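# structure here, sequence nowhere to be found:
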């Protein structure tokens with residue numbers, strides 16, 4: 001009888017251990033699935049974050065590109081305006097404008113007989129004009 005009880009106890013223990021083994025195997029499988037799901041979620045999160053970062057950088061690049069284009073247009077406009085102002089300054093500095101202003105506003109006229117030409121300093125002291133003035 002003792003042998004029978006011992007045999008029953010061993011049999012129940014074996015069944016219990018087989019059930020434990022099955023439960024542990026199922027837990028290991030579920031742990032593996034959980035681990036795999038976590039890894040997949042981490043990879044998806046990293047890919048999504050990388051994608052969002054690249055979209056954000058692309059939007060910044062487009063924004064800065066538009067700013068550069070606007071600044072280049074402004075530069076072209078300012079260069080054109082500067083060239084126009086240079087032309088206007090040259091026109092205002094011209095002797096013809098000064099003569100017209102003097103004739104119209106001040107009533108002056110140009111005396112053609114009193115026009116003098118300034119000569120440079122003669123470096124050749126043997127020239128006849130220099131000798132005549134000595």
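The structure has been received and is ready for your questions. These numbers were taken from a predicted model, which means no experiment stands behind them.
# let me see the mean pLDDT of the longest helix belonging to the chain.
Longest helix in the chain, counting residues (DSSP state H): helix 2-93. For helix 2-93, mean pLDDT is 87.
# list the contacts of stretch 18-29.
Outside stretch 18-29, no residue is within contact range by C-beta atoms under 8 Å, 6 or more residues apart in numbering. The way it works is simple: take the backbone N, C-alpha and C, and place the C-beta from them, glycine included.
# nearest the geometric middle of the chain, what residue?
residue 64 (4.8 Å; C-alpha atoms, centre = their mean).
# need the contact list for that one.
If you count contacts by C-beta under 8 Å, 6+ apart, residue 64 has none.
# and it, how close does it get to residue 50?
Separation of residue 64 from residue 50 (C-beta to C-beta, to the nearest Å) stands at 21 Å.
# circling back: could you point out which element follows the longest helix of the chain?
The first helix or strand that comes after helix 2-93 along the chain, using DSSP states H and E, is helix 95-105.
# quick check: end-to-end length of stretch 88-107?
Length of stretch 88-107, first residue to last, C-alpha to C-alpha, to the nearest Å: 25 Å.
# what does it contact?
108-110.
# neighbour count and pLDDT for the residues you listed - can I get that in TSV?
As requested, the contacts of stretch 88-107 are arranged in TSV below (neighbours: other C-beta atoms under 10 Å; pLDDT from 0 to 100):
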residue	neighbour count	pLDDT
108	11	83
109	9	78
110	10	73
